[in-house]
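Colleague: what follows is a protein structure lacking sequence information:
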């Protein structure tokens with residue numbers, strides 16, 4: 001079975017400052033870097049879509 005998954009939506013917001021990110025390609029990495037560098041709490045939301053092909 002073949003599986004395909006895409007990120008279609010990403011939002012990250014820092015709870016300690018005004019930092020915000022909506023880059024779906026590398027947003028998770030940027031959010032992690034911000035949290036680690038500044039010791040802040042970063043909340044993120046990610047939406048995935050995908051297909052299963054049983055052929």
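Modeller: Arrived safely, thanks for sending. It should be emphasised that the depicted structure is a prediction, and the values quoted were computed from it without experimental measurement. Numbers count the residues shown, from 1 in each chain.
Colleague: and the helices in the chain, which stretches?
Modeller: For the chain, the helices defined by DSSP state H cover 27-38.
Colleague: find the nearest non-adjacent residue to residue 19, please.
Modeller: Ranked by CB to CB, 6 or more residues apart in numbering and with sequence neighbours excluded, the top spatial neighbour of residue 19 is residue 34, at 5.7 Å. Just so you know, the C-beta spots here come from the backbone N, C-alpha and C atoms, and that holds for glycine as well.
Colleague: the one you found reaches residue 40, doesn't it?
Modeller: Yes. Residue 34 lies in contact with residue 40 (CB atoms under 8 Å); the separation is 6.5 Å.
Colleague: mind listing the shared neighbours of those two?
Modeller: Residues touching both residue 34 and residue 40 (CB atoms under 8 Å, 6 or more residues apart in numbering): 14, 19.
Colleague: out of these two, which sits in the more crowded spot?
Modeller: It is residue 34, of residue 34 and residue 40, that has more neighbours when counted by other CB atoms under 10 Å, with 19 against 14.
Colleague: any regions of this structure where pLDDT drops low?
Modeller: Along the chain, segments meeting pLDDT under 70 are nowhere present.
Colleague: beta partners for residue 9?
Modeller: residue 47 (DSSP bridges).
Colleague: how far away is it from residue 17?
Modeller: 23 Å (CB to CB, to the nearest Å).
Colleague: how about the residue of the chain positioned farthest from its centre, nearest residue that isn't a chain neighbour?
Modeller: With distances taken as CA atoms, centre = their mean, the residue sitting farthest from the centre of the chain turns out to be residue 55, at 30.5 Å. Nearest non-adjacent residue to residue 55, counting by CB to CB, 6+ apart: residue 2, 7.4 Å away.
Colleague: quick one: the one you found from residue 54, how far?
Modeller: According to CB to CB, residue 2 and residue 54 sit 8 Å apart.
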